[in-house]
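**Student:** Could you work out the structure for the sequence below:
(2 chains)
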Amino acid sequence: MSVGFARTIRSYYRAGLLLVALAATVAFAGLYAGLADQDRYAGLINTSGRQRMLSQRVVLLASRLQLSGQGESELANAIAEFQSNHETVVSWVRERPGSPVHQVYFGAPHFVDRVANEFVSNCLHFLAQSGLERDRSFDRLLSQAVRGDFLKRLNSAVASLQNNAEVRIGWLKTGEFVVLLVTWTLLLLEARFIFRPMVNTAVDSMEQLRRSETELKRTNEELTQFNYRVSHDLVAPLRTLLGQTSVAKLKFEQDPTLTRDMLDGMAKQAQSLTELISRVSDVARADVRDGTYENVSLEAVARDLLDVHAKAIDEAGIEVSLSLEQEHVETSPQRMRQILDNLLSNAIKYYDPNKNERRISIRSRKESDSLVLEVSDNGVGIDPSMSSDIFDIFVRGCSERGGNGLGLYLVRKHAERLDGSARVASPANDTVLQVSLPMEVAS
Amino acid sequence: MSQVRSVLIVDDNPADVEIAKLLLSESGCYGEIYSVSDGREAFELFNGESAVDGLGTAFPPTLILLDLNMPRMNGFEFLEAYSTLDREGEPPVVVVLSSSSAVEDRERIEVHDVVHGFLTKPITIPAAIELASQLNATNG
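**Tutor:** Next comes the predicted model:
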């Protein structure tokens, strides 16, 4: 997982949380505003409803005053209340021109505002008069309140306010539904684009961690064994050399031939120590990943190695044949060369002197998506009991033929680093060692 | 001078075998000295699967000089396999002659009763004489 990806997912995650918080806030604010709005409507509806009752009360109080001359102040209070209520509702309605309520109050056919003002002025006129004029005024008042459709108009005002409130409730419902849909969509998108990738990443990271832990343990084990063996195998030739020195010192006067043999042997020990050290550094290098892959010509690599080993091949009297069906492979040239070099050296080293015809054959072919590289020889072969661990570190197949037990280990190591594998395809009667590598570079 | 009748050297390195043979015979304390090149060959001598020609009474040996690091069957594996054999008569004394001076190798060897001692390569003439006198002392 790259740092860039982690940063991207983190910003997505923050954006996701922010959007959900925003949606929740919008839902709350919408609901809160809707409730406040409805509260105000409820007040208005209540007030306009009271106007119907008040209109009747005013007429009743007026007729009582007319009949008994009592309750003037009560009437005045009722008129004032009616007037102030009307002002409250009208001032609210006036701010909503074009609305149905506005039409009811100021337009045809109801003209509630005009009719209510007429009613108030009739009432005030009635209060202000006395005697005959008051009688006439009372008649007018009564005819407006009882015979006319005053009450019906006031009813329309209430209905219109109620209707208006219901429309607003409808809007609120739709609004809340939209916010809910948006929130759900947001959550789904976040699950798809933020949470799922995050979970996948977490699972992948854990899996990767587990794998590298296993690899680390294996490497550590191998390293411990490697250290033990290297220290042993570095010391062994030196101890042999010490022995040869003491024999040479003991015998150099009485047996010059033996002394010469010992000196030759000492040179050989030094030589094998040099080889071992260079192999050990090959092993160390094989662990370093190199990213350079090229189109490698197997023929070119093989021809070059045959030149390098020409002397040994000639001395052992070996006939080498090449049969490269698959000529090219996209791979690391250094690793490819070391694989083939070690397979070839191995085949040369273990030739069988008892055979008249000694053969080595290098073959390659394509099998599905893999390159199969084989080196076969009719040499001494591999003890079948050992064929499973011949590629292990410091395992030597045969007592008599030197070797440091690192060659085939290097072959396997390189093959594994290239995502391939190495195996013994046949232990004897032609011994076949096989390496298969992916044809395409794994991305 | 005390004599060790016969010695079997088990070692895969021909140079080490040659050095040991030379120095043992130079010390003058050892009779017949012969060798095999790994633990498997040594084991096959003892279980009768194979034989070295012309040994006569030199087999079984009085002393086995055993290397540890060998292909096919190493010194540890040989000791394991050898301990499973039913054998008659005086068993040979095993002395480990190895280039290893690692403590863990000594500890792995010491569990075997047949192992008399642990020598580090190359063997020297004084060490060979010392070993011979020790062996004769224990054998009475």
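
**Student:** Check B:Ser2 and give its pLDDT.
**Tutor:** According to the prediction, B:Ser2 has pLDDT 59.

**Student:** So the helix or strand containing A:Leu250, near chain B or not?
**Tutor:** In this assignment (DSSP states H and E), A:Leu250 forms part of helix A:196-251. Yes - where contact is defined by CB under 8 Å from any CB of the partner chain, part of helix A:196-251 touches chain B, namely A:228, A:231-233, A:235-236, A:238-240, A:242-244, A:246-247, A:250-251. C-betas here are computed from N, CA, C, even on glycine.

**Student:** In this structure A:Glu319 contacts A:Tyr351, no?
**Tutor:** No - between A:Glu319 and A:Tyr351 there is no contact, the gap being 10.7 Å when judged by CB atoms under 8 Å.

**Student:** Next up, the contacts around the one residue in chain B that gets nearest to chain A.
**Tutor:** With CB to the nearest CB, the shortest gap between chain B and chain A falls at B:Pro122, namely 2.9 Å. Shown in contact with B:Pro122 (CB atoms under 8 Å, 6 or more residues apart in numbering or on different chains): A:Arg239, A:Thr240, A:Leu242, A:Gly243, A:Ser246, B:Asp16, B:Ile19, B:Ala20, B:Leu23.

**Student:** Same check on A:Leu437?
**Tutor:** With contacts defined as CB under 8 Å, 6+ apart, A:Leu437 is in contact with A:Val329, A:Thr331, A:Ser370, A:Leu371, A:Leu373, A:Ala415, A:Leu418, A:Asp419, A:Gly420.

**Student:** ok, now A:Ser246?
**Tutor:** Taking CB under 8 Å, 6+ apart as the contact definition, A:Ser246 lies against B:Ile19, B:Leu23, B:Pro122, B:Thr124.

**Student:** gap between it and B:Leu22?
**Tutor:** Look at A:Ser246 and B:Leu22: by CB to CB, to the nearest Å, they are 9 Å apart.

**Student:** re the thing from before, restrict the contacts of A:Leu437 to those near chain B?
**Tutor:** If you filter these for contact with chain B, counting by CB under 8 Å from any CB, you are left with nothing.

**Student:** The residue of chain B closest to chain A: what secondary structure?
**Tutor:** Three-state secondary structure (criterion: DSSP: H, G, I helix; E, B strand; the rest coil) places B:Pro122 in coil.

**Student:** list the helices and strands the helix or strand harbouring A:Gln51 packs on?
**Tutor:** With the criterion set as DSSP H and E, the secondary-structure element containing A:Gln51 is helix A:3-68. Using 3 or more CB pairs under 8 Å, 6 or more residues apart in numbering or on different chains; DSSP states H and E as the contact criterion, the neighbours of helix A:3-68 among helices and strands are helix A:72-94, helix A:112-128, helix A:131-142, helix A:150-190, helix A:196-251.

**Student:** Any chance of CSV for these, columns mean pLDDT and distance to A:Ser436?
**Tutor:** Listed next are the helices and strands packed on helix A:3-68 as CSV, based on pLDDT from 0 to 100; distance: least, CB to CB, whole Å:
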stretch, mean pLDDT, distance to A:Ser436
helix A:72-94, 92, 88
helix A:112-128, 89, 96
helix A:131-142, 84, 113
helix A:150-190, 90, 45
helix A:196-251, 88, 21
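
**Student:** Comparing these, which comes out most buried?
**Tutor:** The highest mean neighbour count among the helices and strands packed on helix A:3-68 belongs to helix A:112-128 (a mean of 18), with neighbours defined as mean count of other CB atoms under 10 Å in any protein chain shown.

**Student:** how about the nearest residue to B:Glu77 once chain neighbours are set aside, what does it touch?
**Tutor:** Counting by CB to CB, 6 or more residues apart in numbering or on different chains, the nearest residue to B:Glu77 once its immediate chain neighbours are dropped is B:Gly39, at 5.6 Å. The neighbours of B:Gly39, taking CB under 8 Å, 6+ apart as the test, are B:Val10, B:Leu66, B:Met70, B:Arg72, B:Met73, B:Asn74, B:Gly75, B:Glu77, B:Phe78, B:Ala81.

**Student:** if we can go back for a sec, let's have the helices and strands packed on helix A:3-68 in a markdown table, adding distance to A:Asp377.
**Tutor:** A markdown table is the format used below for the helices and strands packed on helix A:3-68 (distance: least, CB to CB, whole Å):
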| stretch | distance to A:Asp377 |
| --- | --- |
| helix A:72-94 | 107 |
| helix A:112-128 | 115 |
| helix A:131-142 | 132 |
| helix A:150-190 | 64 |
| helix A:196-251 | 25 |
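
**Student:** what does the model give B:Leu131 for pLDDT?
**Tutor:** We note a pLDDT of 91 for B:Leu131 in this prediction.

**Student:** if we can go back for a sec, for the contacts of B:Pro122, give me TSV that also has distance to A:Ile277.
**Tutor:** Output for the contacts of B:Pro122, formatted as TSV (distance: CB to CB, whole Å):
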residue	distance to A:Ile277
A:Arg239	16
A:Thr240	16
A:Leu242	18
A:Gly243	21
A:Ser246	24
B:Asp16	20
B:Ile19	23
B:Ala20	26
B:Leu23	28
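
**Student:** where do the contact lists of A:Glu319 and A:Tyr351 overlap?
**Tutor:** With contacts taken as CB under 8 Å, 6+ apart, A:Glu319 and A:Tyr351 have A:Arg358 as neighbours in common.

**Student:** Comparing those two, which residue is more hemmed in?
**Tutor:** Counting neighbours by other CB atoms under 10 Å in any protein chain shown for A:Glu319 and for A:Tyr351 shows that A:Tyr351 has the greater number, 22 against 11.

**Student:** and the gap between the more buried one and chain B?
**Tutor:** A:Tyr351 is 18 Å from chain B, where distance means CB to the nearest CB, to the nearest Å.

**Student:** next one: A:Gln326
**Tutor:** The spacing between A:Gln326 and chain B, counted by CB to the nearest CB, is 34 Å.

**Student:** Equivalent analysis for A:Ala415, please.
**Tutor:** From A:Ala415 over to chain B (counting by CB to the nearest CB), the distance is 23 Å.

**Student:** Spit out the contact partners of that residue.
**Tutor:** When the contact criterion is CB under 8 Å, 6+ apart, the partners of A:Ala415 are A:Ile339, A:Ser421, A:Ala422, A:Val435, A:Ser436, A:Leu437.

**Student:** Quick check: phi and psi at the last one.
**Tutor:** Listed backbone geometry of A:Leu437 is phi -130, psi 150, with angles given as degrees, to the nearest 10.

**Student:** Check which helices and strands the host helix or strand of A:Ala284 sits against.
**Tutor:** Mapping A:Ala284 onto the secondary structure by DSSP H and E places it in helix A:256-286. Counting by 3+ CB pairs under 8 Å, 6+ apart, the packing neighbours recorded for helix A:256-286 are helix A:196-251, helix A:333-349, helix A:407-417, helix B:14-27.
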